[in-house]
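**Q** Provide a 3D model corresponding to the input given below.
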Amino acid sequence: MVKFTEKELDAVLSNALATNTDFLRWFLDQTKFKSDYYKYFWSRSDHPWGTINFERFDAQTSRVVFEKRQSETDILVVLEDQRGDKVALHIENKLSDGHFTEYQAEMYPQRAKQWMNKDKFKNYTEFQTILVAPLLFYKRNIDKARLFDCYISHENIGKHLTEFTARCT
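**A** You can find the predicted model right below:
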């Protein structure tokens with residue numbers, strides 16, 4: 001069985017969301033954007049990268065720390081509704097043997113918020129952060145995984161995109 005890399009799966013998922021309206025509808029049904037009002041508008045699966053103003057709690061000092069951090073979104077998908085309003089899916093894709101980097105999960109919502117209303121990211125006004133990973137990864141990393149707004153398993157995606165079934169073990 002062929003096992004795809006994370007970046008290859010990112011491209012497969014992004015392409016399916018862009019070209020397969022049935023899959024897009026199923027995927028959106030797993031999110032807060034569940035409706036027939038959204039259509040695919042634009043996406044990047046080349047890990048859009050940038051500097052964000054990151055706010056975190058420092059347990060050693062019991063203070064909130066503000067710092068600039070470099071970070072990326074694996075797949076950024078922008079959808080458009082019938083009025084032309086745009087929303088974004090910030091998708092983190094993990095393999096079963098993967099791990100989160102330091103503050104990776106915590107940076108997702110802060111980055112998504114800071115990228116709102118930016119021309120570079122198609123001026124979306126609402127977002128959802130989504131973790132896409134095998135159930136094994138999710139269970140092993142439950143505390144960080146729960147920081148995402150939504151979780152969709154590779155196993156469920158694999159029912160629609162066979163490339164994802166090879167990475168679930």
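
**Q** Which strands or helices does the longest helix along the chain pack on?
**A** If you go by DSSP state H, the chain has its longest helix at helix 6-19. With contacts defined as 3 or more C-beta pairs under 8 Å, 6 or more residues apart in numbering; DSSP states H and E, helix 6-19 has these neighbours: helix 21-29, strand 39-44, strand 75-80, strand 86-93. Glycine gets a C-beta too; all of them are placed from N, C-alpha and C.

**Q** tell me which residues of it are tucked away?
**A** By 16 or more other C-beta atoms under 10 Å, the buried positions in helix 6-19 come out as 6, 9-10, 12-14, 16-18.

**Q** Just the C-alpha atoms of stretch 69-86, please, in PDB.
**A** The C-alpha coordinates for stretch 69-86 follow below in PDB (Å, rounded to 0.1, in the frame of the first residue of the first chain):
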ATOM      1  CA  ARG A  69       6.300  34.200  16.000                       C
ATOM      2  CA  GLN A  70       6.600  32.600  12.600                       C
ATOM      3  CA  SER A  71       3.800  30.200  11.800                       C
ATOM      4  CA  GLU A  72       2.000  28.400   9.100                       C
ATOM      5  CA  THR A  73      -1.400  26.900   8.100                       C
ATOM      6  CA  ASP A  74      -1.100  23.600   6.200                       C
ATOM      7  CA  ILE A  75      -4.200  24.300   4.100                       C
ATOM      8  CA  LEU A  76      -6.000  27.600   3.900                       C
ATOM      9  CA  VAL A  77      -9.400  27.300   2.100                       C
ATOM     10  CA  VAL A  78     -11.600  30.400   1.500                       C
ATOM     11  CA  LEU A  79     -15.300  29.900   0.700                       C
ATOM     12  CA  GLU A  80     -17.800  32.400  -0.600                       C
ATOM     13  CA  ASP A  81     -21.500  32.700   0.100                       C
ATOM     14  CA  GLN A  82     -24.200  34.000  -2.200                       C
ATOM     15  CA  ARG A  83     -23.700  37.600  -1.000                       C
ATOM     16  CA  GLY A  84     -19.900  37.400  -1.700                       C
ATOM     17  CA  ASP A  85     -18.900  37.200   1.900                       C
ATOM     18  CA  LYS A  86     -15.900  35.000   2.600                       C
END
